[in-house]
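Participant: quick one: sequence and predicted model below, then my questions.
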Amino acid sequence: MTIIGREHIQFKSRTTGDTISGWNIYATSPIDPAKGVGDLAEKLFMSDEKFAQLGFEMKPGTEVEFFFNRFGKVATAKLISESEIDFE
């Protein structure tokens, strides 16, 4: 997936009332040509703790492979390539 943006957020857990702090990660990937054309956009969440353990910065343009836990939440990510997009 190609990172197109990230946003730091905080919210309260509906179940525990605890404050959760982390990152919304916005990314795109190509749509299967058998199903359509263009790119698919997704929003993924990573806690501050998981984000800090990555060992690389998720800048726009970075190619990343995400890995998910059994609940479908992001467990970690692997850097594929770095290529920063300049939005200015």
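Facilitator: Yes, it's here. Numbers count the residues shown, from 1 in each chain.
Participant: how close does the residue lying farthest from the centre of the chain get to E65?
Facilitator: Residue farthest from the centre of the chain, counting by CA atoms, centre = their mean, is A34 at 25.2 Å. Distance, A34 to E65, by CB to CB, to the nearest Å: 22 Å. Every residue, glycine included, has its C-beta placed from N, CA and C.
Participant: how far away from the center of its chain is the host helix or strand of H8?
Facilitator: Here H8 is covered by strand 2-12, with elements defined by DSSP states H and E. Here strand 2-12 is found 8 Å from its chain centre; the criterion is CA atoms, centre = their mean, to the nearest Å.
Participant: mean confidence score for that strand?
Facilitator: Strand 2-12 carries an average pLDDT of 96.
Participant: list the beta-bridge partners for the spatially most central residue of the chain.
Facilitator: Nearest to the centroid of the C-alpha atoms of the chain, with distances taken as CA atoms, centre = their mean, sits I25, at 3.3 Å. Applying DSSP bridges to I25 gives these bridge partners: R6, L44.
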